[in-house]
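>>> let's see this in three dimensions:
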Amino acid sequence: MDARPGGLPLSSTEIDRVYDEDDYEGDVAPETREPVKNKWHTDELANEVREILAALEAPPADGEVMDTFQRTIFRGRQFGVDGRGRVVLTCRCILESEGNEDAFREPFVSAVAGVCGDEFAGRELELIEAFDRINLVGIFETMRALEYFRLSDVPSVVSAVVRNKVRRLLSPPSLPAASKKGRQERKEEAKRERRALISRVVERKIELGRKLAALRDAIPGNKQFGWAVRKQFDIDDSSDVTEMMRVARLYGDRPEIFCNASWHALTELASSATSEGERRKFETRISAGERVNGAEIIRARATIGVRTPRSARDERANHIGGS
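Next up is the predicted model:
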């Protein structure tokens, strides 16, 4: 791959004129053709670019750099963005950064202009400082040393490398946590997750219990009700249906209870085997934020000789056995 004196790359116009069998294997040498005149090739835009360069005390710009800057301003006006500001920032990133004074040419100007848009808007000084750590000409030298890229690939590859380097400098990946979670912290987190899961289960069953209770109020007959439950909710277990209705009727409008208790605790509280006095004691404790489980409620019933939950459950099942 040929280069200008001093190791600088050929311009894209010169690249188009170069024919090298190693780079264009199987191709034919490109034909000489007249340059295309685009809408931004106007004296007005050319003079506007020259005024900007003069204000920045920039070195003379060749035809390709002028083309890039005129196109940037033209497209900026087409899409309602600040093309002039982008030209200014591109010049500053190259000319004010350390070691890039010789990169005020293509393909470097287009590559730098590509990162001076919306992605890093409001971070102009950071962007200029970032180019202190990006050797633009060095990128090209590395590509040439690899002997991998075709000459026609140079502009797009340089642009991609520059964008990736800027993103890495201005948007570094987040660092992992400094220390691993301790055993106790993991244990507490597991408890919180379990409680959240229990709450979701309870809320779903309360909601289903409300719907079942409303359906029961509308259909007093056991057989008709059982048929409707199977059709609408696909539930065959009559004891589950009775359980959900009873809990929903007692606690469906009391979130201070059902949001702080497991479903097992709620079913034992709502059971006819639990006396009214014991139920109120447990409700007071639960409302105060105390954890109460179903086993504790069962033990409290046993101390006063109340029927077991199993016999109470069987009795409820028999009550709607005809459904």
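
>>> all helices for the stretch 1-150 of the chain, in order.
Assigned by DSSP state H, counting those that start in this stretch, the stretch 1-150 of the chain shows helices spanning 12-17, 43-55, 63-79, 83-95, 108-113, 124-130, 136-146.

>>> ok, which of those helices comes nearest Arg163?
With respect to Arg163, and counting by Cβ to Cβ, the nearest of those is helix 108-113 at 7.7 Å. Using the backbone N, CA and C atoms, a C-beta is placed for each residue, glycine as well.

>>> other SSEs contacting the closest one?
helix 63-79, helix 83-95, helix 136-146, helix 154-170 (3 or more Cβ pairs under 8 Å, 6 or more residues apart in numbering; DSSP states H and E).

>>> which stretches of this structure have low pLDDT?
Confidence mapping of the chain against pLDDT under 70 gives the ranges 1-36, 172-181, 303-323.

>>> gap between Val87 and Phe140?
22 Å (Cβ to Cβ, to the nearest Å).

>>> please identify the most buried of the helices of the stretch 1-150 of the chain.
helix 108-113 (a mean of 26; mean count of other Cβ atoms under 10 Å).

>>> who touches that one?
64-65, 68-69, 72, 86-87, 90, 93-94, 100, 103, 131, 136-137, 140, 155, 158-159, 161-163 (Cβ atoms under 8 Å, 6 or more residues apart in numbering).

>>> could you point out which element follows the helix or strand hosting Glu207?
Taking DSSP states H and E as the definition, Glu207 sits inside helix 183-218. Following helix 183-218 in sequence order, the next helix or strand is helix 222-233 (DSSP H and E).

>>> what packs against that next one?
Packed next to helix 222-233, using 3+ Cβ pairs under 8 Å, 6+ apart, are helix 183-218.

>>> for the helix it packs on, buried residues please.
Ser199, Val202, Lys205, Ile206, Leu208, Gly209, Arg210, Leu212, Ala213, Leu215, Arg216 (16 or more other Cβ atoms under 10 Å).

>>> the last one touches Met245, doesn't it?
Yes. Counting by Cβ atoms under 8 Å, Met245 is a contact partner of Arg216 at 6.2 Å.

>>> alpha carbons of stretch 260-275, in PDB - could you do that?
In PDB, the C-alpha atoms belonging to stretch 260-275 read as follows (Å, rounded to 0.1, in the frame of the first residue of the first chain):
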ATOM      1  CA  ASN A 260     -48.600  -9.900  55.900                       C
ATOM      2  CA  ALA A 261     -49.500 -13.600  56.200                       C
ATOM      3  CA  SER A 262     -49.000 -16.800  54.300                       C
ATOM      4  CA  TRP A 263     -51.900 -18.600  52.600                       C
ATOM      5  CA  HIS A 264     -51.700 -21.400  55.100                       C
ATOM      6  CA  ALA A 265     -52.000 -18.900  58.000                       C
ATOM      7  CA  LEU A 266     -55.000 -17.300  56.400                       C
ATOM      8  CA  THR A 267     -56.800 -20.500  55.800                       C
ATOM      9  CA  GLU A 268     -56.300 -21.600  59.400                       C
ATOM     10  CA  LEU A 269     -57.500 -18.200  60.600                       C
ATOM     11  CA  ALA A 270     -60.600 -18.400  58.500                       C
ATOM     12  CA  SER A 271     -61.300 -22.000  59.500                       C
ATOM     13  CA  SER A 272     -64.400 -22.600  61.500                       C
ATOM     14  CA  ALA A 273     -62.100 -24.600  63.800                       C
ATOM     15  CA  THR A 274     -60.600 -21.300  65.000                       C
ATOM     16  CA  SER A 275     -62.500 -19.500  67.700                       C
END
